[in-house]
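1. Okay, predicted coordinates and the sequence, questions at the end:
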Amino acid sequence: MPDETDPISDDELLYRRIPDSMHWYDPGSNLTPSPEAFRPKVRDKTGLSLFRANFVTPEKLAQNDRNARFYVAILCERELRELGLEIIPKPNPTGPPGHCEIPELRYENRRETRSEEFQVALATMLCVEILGPLPTS
């Protein structure tokens, strides 16, 4: 059985939750989400949060007690690494399983040119697929 602290393999799929309420993705008019969906928020002090497909399903990832709806962007680890991003396992015992982070994308550097270039690349080139919006329960 894999462990959440195991290194992330090149062929692993990763998920990024995109809140429907923020309007960062509209399947009716956009093929890709807004780069804002990959901009680190205040809570992303050590890195942008993603989740490993080996540990959680998109449906489980969308579940929450606030009745918030989410899209789930699917990314491939290899493509992120080829872009120059590192993805590190960072299990969170109070959140969904399979939590990991991109340390190059943190709240403190979210507006730096290189960080913004990564955000655009994640949104426009590296999303394999976007699911949703998914049910909350």
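-> Nice, I can see it.
2. Let me know the secondary structure of the residue nearest to Arg110 when sequence neighbours are not counted.
-> Of all residues not flanking Arg110 in the chain, Pro40 sits nearest, at 4.7 Å (C-beta to C-beta, 6 or more residues apart in numbering). C-beta: built from backbone N, CA, C; applies to glycine. Following DSSP: H, G, I helix; E, B strand; the rest coil, the label given to Pro40 is coil.
3. and the residue most central in space within the chain, what element?
-> Nearest to the geometric centre of the chain sits Arg16, at 2.2 Å (C-alpha atoms, centre = their mean). Per DSSP states H and E, Arg16 falls inside strand 13-19.
4. Quick one: list the elements packing against the helix or strand just after that strand.
-> Using DSSP H and E, the helix or strand that directly follows strand 13-19 along the chain is strand 48-52. In terms of contacts (3 or more C-beta pairs under 8 Å, 6 or more residues apart in numbering; DSSP states H and E), strand 48-52 is packed against strand 13-19, strand 99-102.
5. what angle do strand 48-52 and strand 13-19 make?
-> Going by axes from the mean of the first three to the mean of the last three C-alpha atoms, to 10 degrees, strand 48-52 is angled at 130 degrees with respect to strand 13-19.
6. Tell me if I'm right that Asn64 and Pro96 touch.
-> No: with contacts defined as C-beta atoms under 8 Å, Asn64 does not count as touching Pro96, sitting 9.6 Å away.
7. The two: which is more packed in?
-> A direct count of neighbours by other C-beta atoms under 10 Å for Asn64 and Pro96 places Pro96 higher, at 19 against 14.
8. ok, back up a step: ok, the residue nearest to Arg110 - how many residues close by?
-> 23.
9. what sits up against stretch 10-21?
-> 8, 24-25, 33, 37-38, 48-54, 56, 58, 61-62, 68-78, 80-81, 87, 100, 122, 128, 130, 132-133 (C-beta atoms under 8 Å, 6 or more residues apart in numbering).
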